[in-house]
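[1] With the sequence up front, the predicted model follows.
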Amino acid sequence: MATRIKAKAAVQVPQTKTDCAADIKLIGDLQRDFERQRAEMNDQIAEITKQYQPGLEALQGRLLVLQEGVQSFCEAHRETLCGKGKTANLVTGEVCWRQRPPSVSIRGADSVMDTLLRMGLGRFVRVKNEPNKEAMLNEPDAVKGIAGIAIVSGVEDFVITPFEAGTEVAA
């Protein structure tokens with residue numbers, strides 16, 4: 001794992017090449033310790049999830065059965081429960097019916113766009129114009145001097161890569 005350093009605010013600056021090498025070793029040690037602790041944390045999360053999963057699934061199943069039963073009862077007795085409204089207060093809670101706002105669902109967007117354009121319904125097709133940064137990088141002289149455009153080049157990052165042996169797990 002390489003560490004990219006952009007800021008120049010160093011707290012501990014090595015004074016010799018030996019100190020620098022020792023700090024790089026320490027960076028590698030800390031990175032490996034970090035990864036070990038993260039793996040341990042993920043193992044514990046997996047264990048906890050495994051422990052609670054059956055109970056949660058059982059509760060979710062019971063909830064769905066109860067919700068469907070309450071909905072069936074309320075649908076059958078909607079007028080009695082709500083009158084002309086959309087909400088019924090049942091002492092322990094309330095039930096309500098809400099109209100969702102209209103939405104548009106599109107499958108096969110390319111063919112839908114072709115059909116809309118062919119039928120003269122171009123007003124339903126959105127055209128997105130945006131600057132082409134790749135083209136500007138290919139021809140930086142053409143956009144030189146245009147306000148709002150800056151070609152950034154020559155930025156150098158400092159990267160520390162501690163040496164470590166790679167391991168492979170046979171499957």
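    Now that the structure is in, tell me what you want to look at. Note that the structure is a prediction, hence the values are computed from the model and not measured. Numbers count the residues shown, from 1 in each chain.

[2] So which residues of the chain form strands?
    3-5, 87-89, 94-96, 158-160 (DSSP state E).

[3] Spit out the contact partners of the residue nearest in space to the middle of the chain.
    In the chain, the centroid-proximal residue (CA atoms, centre = their mean) is residue 42; its distance is 18.6 Å. By CB atoms under 8 Å, 6 or more residues apart in numbering, residue 42 lies in contact with nothing. For glycine as for every other residue, the C-beta is placed from the backbone atoms N, C-alpha and C.

[4] what's the pLDDT at it?
    Note for residue 42: predicted pLDDT of 97.

[5] Below-threshold pLDDT in this structure: ranges please.
    1-10, 167-171 (pLDDT under 70).

[6] returning to that earlier point: and the strands of the chain: which comes nearest residue 21?
    Residue 21 sits nearest to strand 158-160 of all these, at 11.3 Å, using CB to CB.

[7] neighbouring strands for that closest one, and are they parallel or not?
    strand 3-5 (antiparallel) (DSSP bridges).

[8] thinking again about what came up before, let's have the strands of the chain in TSV, adding mean neighbour count and distance to residue 107.
    Output for the strands of the chain, formatted as TSV (neighbours: other CB atoms under 10 Å; distance: least, CB to CB, whole Å):
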stretch	mean neighbour count	distance to residue 107
strand 3-5	11	42
strand 87-89	13	35
strand 94-96	13	31
strand 158-160	11	45
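
[9] Out of those strands, flag the one nearest residue 22.
    strand 158-160 (12.9 Å).

[10] Now for this protein: which helix has the highest residue count?
    helix 17-76 (DSSP state H).

[11] Residue 121 versus the residue of the chain positioned farthest from its centre, what's the distance?
    Distance to the chain centre peaks in the chain at residue 80, reaching 45.3 Å (criterion: CA atoms, centre = their mean). Counting by CB to CB, to the nearest Å, the separation of residue 80 from residue 121 is 46 Å.

[12] Same check on residue 15?
    For residue 15 relative to residue 121 (CB to CB), the value is 73 Å.

[13] With neighbour numbers in mind, choose between these two.
    The residue with more neighbours, out of residue 15 and residue 121, is residue 121; 11 against 7, by other CB atoms under 10 Å.

[14] if we can go back for a sec, please state the offset of the longest helix of the chain from the chain centre?
    Its chain's C-alpha centre and that of helix 17-76 lie 16 Å apart, by CA atoms, centre = their mean, to the nearest Å.
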